[in-house]
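> build me a structure from this.
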Amino acid sequence: MASINPTREQFRAIGDLPGKGPILMVNLLRFRDKAVYAAGDPEFGETPVSGEDAYRRYAHDTERLVLSLGGSQNWIGLPMLTVIGPEDEQWHHAFVARYPSAQSFMDMVRNPDYQKAVRHRTAAVSDSRLICCREADAGETFLAGGT
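Next up, the predicted model:
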């Protein structure tokens, strides 16, 4: 089953996270060949654009807001191969975004400008994963140290 936008329960869970401090959001994105805008969207019926181009619109429209809340993109990559996992889980983009706190992330998604822009993401994405992590010190092995 495709996952495009978080449910209300998933958003609520972010707000209920224990502790303060930065969070990292691991994003995995699979784009539609052609963006699918809803009937009420201003872009509905326009000349079709790719899912990746629609996602660029989303990124453009949300960048200033993310930065104003102290968010940043820490890493981005272009996935080549799923080595462990379902073969049909192929991703077009992967990135890690950092927010000063879970509250700053929630402030972003509740912002009216964000809510207007998210239509581009919804039109663009055929499947996605968003994994919320807390920062940890790197250990000597592949486990977090000092936690």
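> going forward, measure contacts between C-alpha atoms and count neighbours the same way
Will do.
> can you give me the helices in the chain?
In the chain, the segments counted as helices under DSSP state H are 8-15, 51-68, 102-110, 112-124.
> among the ones you listed, which is nearest residue 24?
helix 102-110 (9.2 Å; Cα to Cα).
> using PDB, write out every CA atom in that closest one.
C-alpha atoms of helix 102-110 as PDB (Å, rounded to 0.1, in the frame of the first residue of the first chain):
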ATOM      1  CA  ALA A 102       9.600  18.100  16.900                       C
ATOM      2  CA  GLN A 103       7.700  21.200  17.700                       C
ATOM      3  CA  SER A 104       9.400  23.100  14.900                       C
ATOM      4  CA  PHE A 105       8.500  20.400  12.400                       C
ATOM      5  CA  MET A 106       4.900  20.500  13.700                       C
ATOM      6  CA  ASP A 107       4.900  24.300  13.300                       C
ATOM      7  CA  MET A 108       6.000  23.900   9.700                       C
ATOM      8  CA  VAL A 109       3.200  21.500   8.800                       C
ATOM      9  CA  ARG A 110       0.600  23.600  10.500                       C
END
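> show me what counts as buried in stretch 26-45.
Neighbour-count burial for stretch 26-45, counted by 16 or more other Cα atoms under 10 Å, picks out 26-32, 34-37, 43.
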